[in-house]
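Novice: Sequence and predicted structure, then a few things I'm wondering about:
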Amino acid sequence: MAELERADRQREWLEQGKRMGKQEGMERGELCKVIKLVLKNMKKGKSISEIAEILDEDETVIRQIFICHEEHPEWTADQIATRIRN
């Protein structure tokens, strides 16, 4: 009986981990999309405040993307997302 309860708990933990991973993946995907849009607008010469207004995002996030891109222009959106989230 105790083994069945333990197996049930393990399945619950596994399912919870899957849900959390899926949610994190979706959030990361959304951040990468924002980063790509920011980089596109940067290339058009738009300012941080203009981009923030266009994308309805906080200027702090846009500024972080700007800085990261200036320091590492060769990085992909995924690499920038990793830096920003850490």
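Specialist: Arrived safely, thanks for sending. Residues are numbered from 1 along each chain as shown.

Novice: Give me the nearest residue to Val38, chain neighbours excluded.
Specialist: Ile65 (4.7 Å; C-beta to C-beta, 6 or more residues apart in numbering). C-beta: built from backbone N, CA, C; applies to glycine.

Novice: Got the phi and psi for that neighbour?
Specialist: Backbone dihedrals for Ile65, given as degrees, to the nearest 10, come out at phi -70, psi -40.

Novice: So it sits against Leu39, correct?
Specialist: Yes. Counting by C-beta atoms under 8 Å, Ile65 touches Leu39, with 7.4 Å between them.

Novice: Tell me which of the two has more neighbours.
Specialist: Ile65 (26 against 18; other C-beta atoms under 10 Å).

Novice: That one and Arg28, how far apart?
Specialist: Distance of Ile65 to Arg28, computed by C-beta to C-beta, to the nearest Å: 14 Å.

Novice: secondary structure element for the closest residue to Gln64 other than its chain neighbours?
Specialist: Spatial nearest neighbour of Gln64, excluding adjacent residues (C-beta to C-beta, 6+ apart): Ile84 at 5.3 Å. Per DSSP states H and E, Ile84 falls inside helix 77-85.

Novice: Tell me which other helices or strands that helix touches.
Specialist: Packing contacts for helix 77-85, counted by 3 or more C-beta pairs under 8 Å, 6 or more residues apart in numbering; DSSP states H and E, involve helix 2-43, helix 59-71.

Novice: And it, what's buried?
Specialist: Ala77, Ile80, Ala81 (16 or more other C-beta atoms under 10 Å).

Novice: what mean pLDDT would you report for that helix?
Specialist: Summarised as a single mean, pLDDT over helix 77-85 is 92.
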